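Asks: Please find the sequence and the predicted model below.
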Amino acid sequence: MTGPVVGFDLDMTLIDTVPGFAATLAALGDELGVDFPVEEMTRRLGPPLEMMLRDHLPEEQVNPAGDRFRALYPDLAIASVSVFPGAHESLAAVRRLGGRNILVTGKVATNAQRHVDHLGLDIDHLEGWVWGVGKADVLRKEGATIYVGDHVHDVEGALAAGILSVSVLTGGCTREELEAAGTHVVLDDLTAFPAWLDDHLGIALASG
């Protein structure tokens, strides 16, 4: 039997990006002379950075500010970011079943890889700079059957790929928002994922 191919989002799904994002955003604000509402902006991480900056900067400054944020990020946001409880165990659960772990994230791939390396995340393939329904192409190409995320746009990506959407409540979206977006499964956090995966595949095997 071929093991499952499971896609995971990165920020606020596998890792708690809030400390690193907040530090980088504060440094960017200092450089630009802009008082970003850091706490508010980090409360609902998920959308592309430029989308978040657009509410606080003139349009012509948005893309340069995004580039500068990503340049500041490695020094300010890697060491302070940790995995969520259950993250390593969830990746190990897929591996134990002979499966593959696919990381599909809106974060630029170079910075995502830095987190993977620093935290020792067991990832087979990393695809960065993809968002919302844009994640569907990667998930289909890699043969994923499950996508795990924390945001309604992660749900959109899974549904567009025609695969199972599993959502965790460690990000900024509520259970109600995720269910309204059409997710199939809501878990409090990744500590529940290994047991859920075993149960899901047991059911799938029994019905197959």
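Replies: The structure has been received and is ready for your questions.
Asks: Summarise which helices and strands the worst-scoring helix or strand of the chain on mean pLDDT is packed against.
Replies: Least confident helix or strand, the chain: helix 193-207 with a mean of 85, by mean pLDDT, DSSP states H and E. Counting by 3 or more C-beta pairs under 8 Å, 6 or more residues apart in numbering; DSSP states H and E, the packing neighbours recorded for helix 193-207 are helix 87-96, strand 146-149, strand 164-168, strand 185-187. To be clear about C-beta, it is placed using only N, CA and C from the backbone, and glycine gets the same treatment.
Asks: Which is the succeeding secondary structure element to the longest helix seen in the chain?
Replies: Looking across the chain with DSSP state H, the single longest helix is helix 59-77. Sequence order places strand 82-83 as the next helix or strand after helix 59-77, per DSSP states H and E.
Asks: Give me the contacts around that following strand.
Replies: Contacts to strand 82-83, defined as C-beta atoms under 8 Å, 6 or more residues apart in numbering, come from residues Leu14, Ile15, Asp16, Leu119, Leu121.
Asks: between those residues, which is closest to Thr174?
Replies: Distance to Thr174 across these (C-beta to C-beta) is lowest for Asp16, with 17.9 Å.
Asks: residues in contact with that closest one?
Replies: Counted by C-beta under 8 Å, 6+ apart, Asp16 has contacts Val81, Ser82, Val83, Phe84, Thr170.
Asks: sorry, back to before: please save the CA atoms from the least confident helix or strand of the chain in CSV.
Replies: What follows is helix 193-207, C-alpha atoms only, in CSV (Å, rounded to 0.1, in the frame of the first residue of the first chain):
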residue,chain,number,x,y,z
PHE,A,193,-3.8,14.9,14.0
PRO,A,194,-1.8,11.6,14.4
ALA,A,195,-4.8,9.8,15.9
TRP,A,196,-7.2,11.4,13.4
LEU,A,197,-5.0,10.3,10.5
ASP,A,198,-4.9,6.7,11.8
ASP,A,199,-8.7,6.7,12.2
HIS,A,200,-9.3,8.3,8.8
LEU,A,201,-7.1,5.8,7.0
GLY,A,202,-8.6,2.9,8.8
ILE,A,203,-12.0,4.1,7.7
ALA,A,204,-10.7,4.6,4.2
LEU,A,205,-9.2,1.2,4.0
ALA,A,206,-12.3,-0.5,5.4
SER,A,207,-14.6,1.3,2.9
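Asks: orientation of it relative to helix 87-96 in degrees?
Replies: Angle of helix 193-207 versus helix 87-96, following axes from the mean of the first three to the mean of the last three C-alpha atoms, to 10 degrees, is 30 degrees.
Asks: what does helix 193-207 contact?
Replies: With contacts defined as C-beta under 8 Å, 6+ apart, helix 193-207 is touched by 4, 6, 86, 89-90, 92-94, 97, 146, 148, 164, 166, 168, 185, 187.
Asks: before we move on, the earlier item: could you flag which of the contacts of Asp16 are buried?
Replies: Val81, Val83, Phe84, Thr170 (16 or more other C-beta atoms under 10 Å).
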